[in-house]
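# using only what follows, build the 3D model:
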Amino acid sequence: MRQFDLCVIGSGPAGQRAAIQAAKLGKSVCVIERAEVVGGAAINTGTIPSKALREAILRYLGHRAAMPTLHDFQGSGLRSFNQLMNSCQEVIKAEIDIVRGHFAKNEIALVTGHAQFRDPNTIDVQGSHASETISAGKVVIAVGTRPTRPKNIEFDSQDIITSDELLTLKSLPHSMIVVGGGVIGTEYASMLAALGVKVTLIEGRPRLLEFVDFEIIEALQYHLRQAGMTLRLGEKVVSIRKVDAPPGARTSNPFMAEAMLESGKLLRADSLLYCIGRHGATEDLNLSAAGLAADDRGRVRVNENFQTSVPHIYAAGDVIGFPALASTSMEQGRLAACNAFGRRCENVENLLPYGIYSIPEISMVGWTEERLTAENIPYEAGIAQYKEIARGQLLGDDIGMLKMLIHQESRAVLGVHAIGTGATELIHIGQAAIAFKATVEYFVNTVFNYPTLAECYKVAALNALNKMRGF
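Numbering: from 1, shown residues only. Here you go, the predicted model:
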């Protein structure tokens, strides 16, 4: 039996950072990974593949600014998803190699196999070729999540699928129903629409991504519709099934996917992508042997230090629930390792940037207008349109926009929201400004490189000040 100071279960973003942080503290560390490759869902089936696919689509279509339309795609001859996914493999392979390199450099032992608790300090690992037992003084559970698969839905690899199977499609369907207007559903729906797939997106709430600023989502929904997507908002799906394709249907597949809505509408498409929720991958860990239990969605409860009810066992990443972002998972893993070994650590709480890699992409940090209004905080919004920025013109992006929210009295920056090219990169300037309590005057008096999208901050700041002065 090998013994370690820390055993990390899972090699995704949270597991990687927890392991490396503990190694930097001089601790002996092992990482147990059930797959043959490291990186978890983030590198192999989620974050990296989906973003690599998005970049491949944008390169293929020659569009980075606005949402491509069906006209841009027609006649191109691309019908194989493999053509695009193959171009993503080098990125995925490089990320896997980077993680392996970090583990080797920090002398982190990598154990391949399924992990199961024997007791709170002992973990059995069942590999495809060998098995062993690990003993550890501290444990971090970072197993991530998998797509939710309701038992009443007949999932397969082609007609009714989750986001995992989407990346293995051999060819693009002519039409697709996407159930769920969260981050994953919205991102994939916009990518498929960009490739000319006739997409119907169903969301039970009145709009997509309710946690994002309303004006930004309004703009996104407008551009998705302009691309030919049908949005069924405020609609609930009551049944999903596979049916025979009717005679004359534009499909080589003998089956189609059918969704019945609560309103009585019947929708059919070549395939259906189910994107409602993810479930913690904890069912095979034998948590009860460690004195733990997961909730009905497979998640593990932790305190503010990422500590479970068993003092030496911690958990981080998607398996603990919201916000379930690769970026936050990395930070949670680092903090869990620091806390486990009594090392002081700091982070900027409640200032998380969100990036949604739809086409066009959107990003946000800080307060939204809706929240400021609900809490009676006086604010003003400054707007900068990409089309009035030289860099926006150079990029050919006439739809992009950056909005800065300013406190009317203190003039402090409260929130920043963006849609368009580079929105997820641009948002970090606003994040730093909020963290260091900058006022709107900082952006007015700062010189930005010209031409850059960063100039949006100066334009938005001037716009907000002019509104407050009544100009």
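# where does the prediction get shaky in this protein?
Within the chain, the segments meeting pLDDT under 70 span 63-80, 248-252, 348-349, 471.
# identify the residue nearest the geometric centre of it.
By CA atoms, centre = their mean, the chain has its centre lying nearest to residue 325, at 5.3 Å.
# and the gap between that one and residue 340?
22 Å (CB to CB, to the nearest Å). C-betas here are computed from N, CA, C, even on glycine.
# can you give me how far the longest helix that the chain contains is from the chain middle?
Longest helix in the chain, counting residues (DSSP state H): helix 81-105. On the basis of CA atoms, centre = their mean, to the nearest Å, helix 81-105 sits 18 Å off its chain's mean C-alpha point.
# that helix: which residues count as buried?
Using 16 or more other CB atoms under 10 Å as the test for burial, helix 81-105 gives 81, 84-85, 87-88, 91-92, 95-96, 99-100, 102-103.
# do the same with stretch 304-315
Buried, per 16+ other CB under 10 Å, within stretch 304-315: 306, 307, 308, 313, 314, 315.
# can you give me the end-to-end span of it?
By CA to CA, to the nearest Å, the extent of stretch 304-315 from end to end equals 11 Å.
# before we move on, what about stretch 173-193?
Terminal residues of stretch 173-193 lie 11 Å apart, using CA to CA.
# same question, stretch 15-31
End-to-end span of stretch 15-31 (CA to CA): 8 Å.
# what residues of it count as buried?
The neighbour-count check on stretch 15-31 (16+ other CB under 10 Å) flags 15-23, 25, 27-31 as buried.
# between the buried residues of helix 81-105, which is nearest residue 11?
Residue 11 lies nearest to residue 99 out of the buried residues of helix 81-105, by CB to CB, at 6.7 Å.
# isn't residue 167 up against residue 45?
Yes: if you go by CB atoms under 8 Å, residue 167 and residue 45 touch, sitting 6.5 Å apart.
# looking at the two, which one has more neighbours?
More crowded of residue 167 and residue 45, by other CB atoms under 10 Å: residue 45, with 23 against 19.
# nearest residue to the more buried one other than its sequence neighbours?
Leaving out its chain neighbours, the residue that sits closest to residue 45 by CB to CB, 6 or more residues apart in numbering is residue 164, at 5.0 Å.
# same for the one helix or strand that neighbour maps to, what does it pack against?
Element membership for residue 164, per DSSP states H and E: helix 163-166. Judged by 3 or more CB pairs under 8 Å, 6 or more residues apart in numbering; DSSP states H and E, helix 163-166 is in contact with strand 145-147, helix 183-194.
# which one of the ones you listed is the most hemmed in?
When those are scored by mean count of other CB atoms under 10 Å, the highest mean neighbour count falls to helix 183-194 (a mean of 25).
# for the residue nearest to residue 36 when sequence neighbours are not counted, give its distance to residue 13.
Spatial nearest neighbour of residue 36, chain neighbours left out: residue 112 (6.5 Å); criterion: CB to CB, 6+ apart. Distance, residue 112 to residue 13, using CB to CB: 19 Å.
# what of residue 418?
According to CB to CB, residue 418 and residue 13 sit 24 Å apart.
# and what of residue 415?
Relative to residue 13, and taking CB to CB, residue 415 is found at 25 Å.
# between those two, tell me which one has more neighbours.
residue 13 (30 against 21).
# the stretch 1-150 of the chain: helices as residue ranges?
Along the stretch 1-150 of the chain, the segments classed as helices by DSSP state H, counting those that start in this stretch run 13-24, 40-44, 47-61, 70-73, 81-105.
# the strand or helix carrying residue 268 pairs with which strands?
If you go by DSSP H and E, residue 268 is part of strand 266-269. When pairing is defined by DSSP bridges, strand 266-269 lines up against strand 255-261 (antiparallel).
# buried ones in the partner strand?
255, 256, 257, 258, 259, 261.
# quick one: contacts of it?
159-160, 177, 179, 202, 232, 235-246, 249, 266-272 (CB atoms under 8 Å, 6 or more residues apart in numbering).
# let's see 6 Å
159-160, 177, 235, 237-243, 245, 266-269, 271-272 (CB atoms under 6 Å, 6 or more residues apart in numbering).
# mind listing what's buried along stretch 332-344?
332, 333, 334, 335, 336, 337, 338, 339, 340, 341.
# likewise for stretch 202-210?
Going by 16+ other CB under 10 Å, stretch 202-210 has these buried residues: 202, 203, 204, 207, 208, 209.
# skipping its backbone neighbours, what lies nearest residue 125 in space?
Looking at residue 125 with CB to CB, 6+ apart, the closest residue is residue 113, at 4.1 Å.
# what about the one you found, neighbour count?
Residue 113 is flanked by 18 other residues according to other CB under 10 Å.
# now residue 378
Residues lying near residue 378 (other CB under 10 Å) number 12.
# settle this for me: it is touching residue 406, isn't it.
No: counting by CB atoms under 6 Å, residue 378 does not reach residue 406; the two are 9.8 Å apart.
# what sits closest to residue 215 if chain neighbours are left out?
Spatial nearest neighbour of residue 215, chain neighbours left out: residue 403 (6.7 Å); criterion: CB to CB, 6+ apart.
# does the one you found touch residue 417 like I think?
Yes: if you go by CB under 6 Å, residue 403 and residue 417 touch, sitting 4.6 Å apart.
# just send the buried residues of strand 255-261 back as a markdown table, with distance to residue 40 too.
Below are the buried residues of strand 255-261 laid out as a markdown table (distance: CB to CB, whole Å):
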| residue | distance to residue 40 |
| --- | --- |
| 255 | 32 |
| 256 | 33 |
| 257 | 29 |
| 258 | 34 |
| 259 | 30 |
| 261 | 35 |
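# just the residues you listed now: which is nearest residue 41?
residue 257 (23.9 Å).
# how close does the closest one sit to residue 222?
In terms of CB to CB, residue 257 sits 27 Å off from residue 222.
# burial of residue 34, as a residue count?
20.
# ugh, wrong one, I meant residue 284
12.
# is it in a helix, a strand, or coil?
Classification of residue 284 using DSSP: H, G, I helix; E, B strand; the rest coil returns coil.
# next: residue 459.
helix.
# can you pull the contacts of it?
residue 384.
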